[in-house]
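Asks: One predicted model, sequence on top.
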Amino acid sequence: MTPSPTARSVVADLRRELPDLTDGLAVAASVRAHDPLAGPGSLLAIWDLLRSEVGGVGPLQQLVEDPDVSDVLVNGPGPVWVDRGRGAERSGVHIDDESSLRRLAQRLTASVGRRLDDACPCADVVLSDGTRVHAVLPPIAAQGTTLSLRVPPRRTFHIDELVQRRSMPSAGADLLRRIVEHRLSFVVSGGTGTGKTTLLSSLLSLVPPAERIVMVEDAAELRPDHPHVVRLQTRHDNAEGAGAVAMSTLVREALRMRPDRIVVGEARGPEVLDLLTALNTGHDGGAVTIHTNRIEHLPARFEALCALAGLTRDAAHSQLAAAVQAAVHLRRRDDGRRQVAGVAVLDTDSSGRVRAQPAYAFDDRSLTPLAAAPALDRLLLPES
C-alpha cells in the first residue's frame, strides 16, 4: 500500500522533532499531538512508514517486499524501476527529492558499517536480510544519487515449477537431475539477471538429504530446500578499513568443515582458484555460478579469473579440466523471460585447452542433442 501524503507529512515532522524514531511511546505521543483524532488505521500507516524509513529501505520498502521483484533500480530523482522477470519496468513509486534519496543511500550504507560521502561516492553493501545495495552519489552519478538493489529470492522453486514456468522442458529437468545425481561438478553460467541463483538453488534441493552442503557467498542468496546446509558469507571491511573476510578465505575454511559438496554462489575473483583446488581434492559434485554471455566463452572467463590469482594460462586450463565436467547456461529471451539455453561438456583439445562443447540445446518443450551429447551421456552412465 502506498503511504498517503498526510502520513508522509507527519513522518517528515517527526524526523525534525524526535531524536529517536524507534521510541514507540514518543512516536505515538507525537502523532497524537499532530492529529488528536487519528484512528488506528492512520497510526498503523504512519508506524509502517516510520519502520521502513528507519529500519527498512524507505519508499522502496513495498517494492522490496514484492515476491516477484528481483531488482529495484533508482536512477536519481524520478520514477523507480523494477524487474519482475520481464525486464525493467516502471513501478508506481517516485522519489522526487534528491536530498531524501541521498540520505536513504547513506543510511543503508552506514547500517553495515560502510561510508558513502563526497570522499567515497560509491558503495556496495549487503543488508541484514541479504539485499545487495549498490549506491553512487553525484557528481559521479550525473543524474543524481543512483541505487541498485538486488533482492534475494523469497522462496526456492522446485525444478518442476521451473518446467511449469517454461524455463526448461521436462526432458531438460530430467537431464539436470541426472547431473546432480551422478555428482558431476558443474557451472551455472549466464548474463546478469538470467536466473542463475534461482536455478542453482533448485538443483541443490535435489542433493540427497544425507549429504552436507557448504555454501560460500558474498550475499546469502542461495536458498536450497535441503536439511543439511552450512552458509558462509563474506564480510567487507568497516569504515576503518578493517575486519574484511574474503571469499578465498571462506572457500579454504569450507574444506575443513567435512563437506560432501562445496558450492560458491558466484565466482568473480581469485577465489575461483581455491574452488578449483577444492574440487580437485576429492570434493566432487560441487557447483558455482559465473557471468558469461555465451557458454563457449566459459573457459576464457575462468582463465581470466585464475589470472587474478596468479595462475598461468596452462595451469588454469589444467585445473579447470580436472575440476569441472559440465556447464548449464541460461539466457534472457527477447520477452524478458529467463530460460535454460542448454548444457555443455567441458573437455580439452589437442593442446590441453578446455573447451565448452554444447551437448544439448533447450527450448520451451524439448531438448535437442548436439555434438557433445554422447560425451555427456557417457558421464551419466551408471557406475559399474
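Replies: Sure thing, it's come through.
Asks: contacts and neighbour counts: CA atoms only from here.
Replies: Will do.
Asks: which residue ranges form the helices in the stretch 251-384 of the chain?
Replies: Assigned by DSSP state H, counting those that start in this stretch, the helices in the stretch 251-384 of the chain fall at 271-279, 298-308, 313-323, 373-379.
Asks: Same list (these) but as CSV, adding distance to Val151, mean pLDDT and mean neighbour count.
Replies: Shown next, in CSV, are those (distance: least, Cα to Cα, whole Å; pLDDT from 0 to 100; neighbours: other Cα atoms under 10 Å):
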stretch, distance to Val151, mean pLDDT, mean neighbour count
helix 271-279, 24, 87, 23
helix 298-308, 26, 93, 20
helix 313-323, 31, 93, 19
helix 373-379, 35, 95, 15
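Asks: Could I get those in TSV, plus columns for distance to Thr292?
Replies: Shown next, in TSV, are these (distance: least, Cα to Cα, whole Å):
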stretch	distance to Thr292
helix 271-279	15
helix 298-308	6
helix 313-323	16
helix 373-379	21
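Asks: Of these, which is nearest Leu206?
Replies: The closest of those to Leu206 is helix 373-379. By Cα to Cα, the value is 18.4 Å.
Asks: Distance from that closest one to the middle of the chain?
Replies: Taking Cα atoms, centre = their mean, to the nearest Å, one finds helix 373-379 lying 31 Å from the centre of the chain it belongs to.
Asks: from now on call the first residue 25
Replies: Yep, numbering from 25; the last one is helix 397-403 now.
Asks: Which neighbouring elements make contact with that helix?
Replies: Packed against helix 397-403 by the contact rule (3 or more Cα pairs under 8 Å, 6 or more residues apart in numbering; DSSP states H and E) you find strand 362-372, strand 378-386.
Asks: Touching, Leu200 and Leu227? I think so.
Replies: Yes - the pair Leu200 / Leu227 is scored as a contact, 7.5 Å apart, by Cα atoms under 8 Å.
Asks: Look at the two and report which has more neighbours.
Replies: Leu227 (22 against 15; other Cα atoms under 10 Å).
Asks: Who are the contact partners of that one?
Replies: Listed by Cα atoms under 8 Å, 6 or more residues apart in numbering, the contact set of Leu227 reads Ile183, Leu200, Arg201, Val204, Pro248.
Asks: which residues touch the last one?
Replies: Which is Pro248. So Pro248 contacts Thr180, Ser225, Ser226, Leu227, Leu228, Ser229 (Cα under 8 Å, 6+ apart).
Asks: Assign it to helix, strand or coil.
Replies: coil (DSSP: H, G, I helix; E, B strand; the rest coil).
Asks: Name the residue closest to the centre of this protein, please.
Replies: Glu245 (5.0 Å; Cα atoms, centre = their mean).
Asks: Run a quick neighbour tally on the closest residue to it other than its chain neighbours.
Replies: Sequence neighbours aside, Pro176 is the residue nearest to Glu245 in space, at 5.1 Å (criterion: Cα to Cα, 6 or more residues apart in numbering). Neighbours of Pro176 under the rule other Cα under 10 Å: 22.
Asks: surely Pro176 meets Thr155?
Replies: Yes - with contact defined as Cα under 8 Å, Pro176 counts as touching Thr155 (5.8 Å).
Asks: Quick one: end-to-end distance for stretch 275-284.
Replies: 14 Å (Cα to Cα, to the nearest Å).
Asks: what does it rub up against?
Replies: 235-240, 286, 288, 295, 298-299, 302, 307-309.
Asks: Just the closest of those residues to Pro163, please.
Replies: Comparing the contacts of stretch 275-284 against Pro163 with Cα to Cα places Glu295 closest, at 33.3 Å.
Asks: For that closest one, which non-adjacent residue is closest in space?
Replies: Ser272 (4.3 Å).
Asks: how close does the one you found get to Glu235?
Replies: Taken as Cα to Cα, the span from Ser272 to Glu235 is 23 Å.
Asks: Of those two, which one has the most company?
Replies: Neighbour comparison, Ser272 and Glu235: the larger count goes to Ser272, with 19 against 14 (by other Cα under 10 Å).
Asks: list the buried ones in the helix or strand that contains the more buried one?
Replies: If you go by DSSP states H and E, Ser272 is part of helix 271-279. Using 16 or more other Cα atoms under 10 Å as the test for burial, helix 271-279 gives Met271, Ser272, Leu274, Val275, Ala278, Leu279.
Asks: Enumerate the beta-bridge partners assigned to Arg285.
Replies: Ile237 (DSSP bridges).
Asks: and it, how many neighbours?
Replies: 25.
Asks: in the stretch 175-324 of the chain, which ranges drop under the pLDDT threshold?
Replies: 263 (pLDDT under 70).
Asks: and the end-to-end length of stretch 83-100?
Replies: So stretch 83-100: terminal residues 14 Å apart, Cα to Cα.
Asks: Just give me how far that stretch sits from the chain centre.
Replies: So, by Cα atoms, centre = their mean, the centroid of stretch 83-100 is 14 Å from its chain's centroid.
Asks: Outside of stretch 159-171 itself, list whatever touches it.
Replies: 96-101, 122, 125-126, 129, 140-142, 145-148, 157-158, 172.
Asks: Pull out the buried members of those residues.
Replies: Buried, going by 16+ other Cα under 10 Å: 96-101, 122, 125-126, 129, 140, 145-148, 157-158, 172, out of these.
Asks: from the residues you listed, which ones fall inside strands?
Replies: Using DSSP state E, the members of the buried ones among the contacts of stretch 159-171 that fall within strands are Val96, Leu97, Val98, Asn99, Cys146, Ala147, Asp148, Val157, His158, Ser172.
Asks: Would you agree the third one is in contact with His158?
Replies: The reference is to Val98. No - counting by Cα under 8 Å, Val98 does not reach His158; the two are 10.4 Å apart.
Asks: any residues in contact with both of these two?
Replies: With Cα under 8 Å, 6+ apart as the test, Val98 and His158 both reach Leu171, Ser172.
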